[in-house]
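Enquirer: Structural data only, the sequence is not supplied:
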């Protein structure tokens with residue numbers, strides 16, 4: 001069950017991370033936001049990223065085998081990268097109306113292969 005909790009927290013953390021890193025690019029479409037100085041945009045992003053850390057750190061602690069979880073350090077990192085890619089694709093399609101192209105699918109497939117290799121050989 002710790003693995004499920006860890007992955008769930010990682011998904012939620014990545015929603016906040018993606019929002020912190022990229023939402024300001026979407027908000028720049030609004031004239032009121034364009035007037036914000038860079039330091040204010042950074043502070044806003046840090047404020048959002050705070051919640052990412054509040055989820056990411058427990059996710060790693062719960063999931064790490066050194067704390068009784070099912071994943072080693074490499075597995076946690078690769079899981080997190082796959083989740084990041086999936087969350088980013090969903091975000092970019094919904095917020096920026098980007099199209100998923102064949103090369104994006106190939107990149108995702110390689111990350112899935114990375115998961116296979118990280119979990120498949122011990």
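Expert: Happy to help now that I have it. All of these numbers come straight from a predicted model, not from anything done at the bench. Numbering: from 1, shown residues only.
Enquirer: and stretch 51-68, how far from the chain's centre?
Expert: Counting by CA atoms, centre = their mean, to the nearest Å, stretch 51-68 is centred 14 Å from the centre of its parent chain.
Enquirer: So what's the model's average confidence on it?
Expert: The pLDDT scores in stretch 51-68 average 96.
Enquirer: Show me which residues of that stretch are buried.
Expert: Neighbour-count burial for stretch 51-68 flags 51-52, 55-56, 59-60, 62-64 (criterion: 16 or more other CB atoms under 10 Å). All C-beta atoms are positioned from the backbone trio N, CA, C, and that covers glycine.
Enquirer: what residues does that stretch touch?
Expert: 2-3, 5-10, 12-14, 16-17, 20, 69-73, 76, 79 (CB atoms under 8 Å, 6 or more residues apart in numbering).
Enquirer: Helices - which of the residues you listed land there?
Expert: 2-3, 5-10, 12-14, 16-17, 20, 73, 76, 79 (DSSP state H).
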